[in-house]
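A.B. asks: Sequence isn't available, so here's the structure alone:
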């Protein structure tokens, strides 16, 4: 009897909650819908027909440009002056240029990977990758602003900027990989090769478009330099030059004025 009573009084287990069913993405996606789909529903966004039209290029382009402009402005506050507008312009121009020159190789490598996406759709997916990377950079901007106001070290600020870009590109790559799988891609190696090429291009452009963090009386430098060499040359430099460095620069200018030149191969 007791066993029966206990069985009757024992509460029954509650049924498992039903998973939340999301409504499909609307046919027409505005900037807000593209923004949310990029972060929350990348696979469904990849299947959406909007990625094959101009609306996706426009929407993703606006998101990417605004985000990178803000990030560039924050980097410009490290030196202020002309860098407040020059750094954002250089970053946006460099990112768009990198996407443009790397698009043909993306289409080739994605086709090798098995994707059936058209060139128009691939352009939309690339724009989506840049938009998502831009959003990640925008998220890092407040933290970088704090350090830009609290340090004068080129090396440290450069490290923070490059680290933020690597994280942003990693999330952009994840979106692109998910999108290409939805278009039939079965291999990941070709896409890894492409994203490595794209990373190298952007890092070299960050050097070719210098100065981005520092101060200069020129918008662009004409000196050719590999980005690793540039990092090595500036890692110990500071935005505020020490008295000894100032004296060295004055002495170098005086020697050049007297016609004394150093052999560049000895540097």
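C.D. replies: Okay, I see it. Predicted model only: the values in this text are computed from it and were never measured.
A.B. asks: Now do the nearest residue to residue 237 once chain neighbours are set aside: how many residues are near it, please.
C.D. replies: Nearest non-adjacent residue to residue 237, counting by Cβ to Cβ, 6 or more residues apart in numbering: residue 154, 4.6 Å away. (Each C-beta comes from the backbone N, C-alpha and C, glycine too.) Residue neighbour count, defined by other Cβ atoms under 10 Å, stands at 21 for residue 154.
A.B. asks: Could you do residue 136 as well?
C.D. replies: Using other Cβ under 10 Å: residue 136 sits among 19 other residues.
A.B. asks: Could I get the average pLDDT for the helix or strand containing residue 172?
C.D. replies: Assigned by DSSP states H and E, residue 172 belongs to helix 154-182. What helix 154-182 shows for mean pLDDT is 92.
A.B. asks: List the buried residues of stretch 117-127.
C.D. replies: Buried residues in stretch 117-127, counted by 16 or more other Cβ atoms under 10 Å: 117, 121, 122, 123, 124, 125, 126, 127.
A.B. asks: ugh, wrong one, I meant stretch 99-106
C.D. replies: 99, 102, 103, 106.
A.B. asks: mean confidence for that stretch?
C.D. replies: 96.
A.B. asks: now that stretch: how far from the chain's centre is it?
C.D. replies: Mean C-alpha position of stretch 99-106 versus that of the full chain (Cα atoms, centre = their mean, to the nearest Å) differs by 15 Å.
A.B. asks: contact partners of it?
C.D. replies: The contact list for stretch 99-106 (Cβ atoms under 8 Å, 6 or more residues apart in numbering) reads 122, 123, 126, 127, 130, 194, 197, 198, 201.
A.B. asks: repeat for stretch 151-171
C.D. replies: Residues contacting stretch 151-171 (Cβ under 8 Å, 6+ apart): 71, 75, 78, 132-134, 136-137, 140, 144, 147-148, 195, 198-199, 202-203, 206, 213-214, 231, 234-240.
A.B. asks: This structure: strands as residue ranges?
C.D. replies: Secondary structure of the chain (DSSP state E): no strands located.
A.B. asks: Poorly predicted segments of the stretch 101-250 of the chain, please.
C.D. replies: Scanning the stretch 101-250 of the chain with the threshold set as pLDDT under 70 gives 240-250.
A.B. asks: who are the neighbours in contact with the closest residue to residue 221 other than its chain neighbours?
C.D. replies: If you skip the residues right next to it in sequence, residue 221 has residue 210 as its closest partner in space, 5.6 Å away by Cβ to Cβ, 6+ apart. The neighbours of residue 210, taking Cβ under 8 Å, 6+ apart as the test, are 220, 221, 230.
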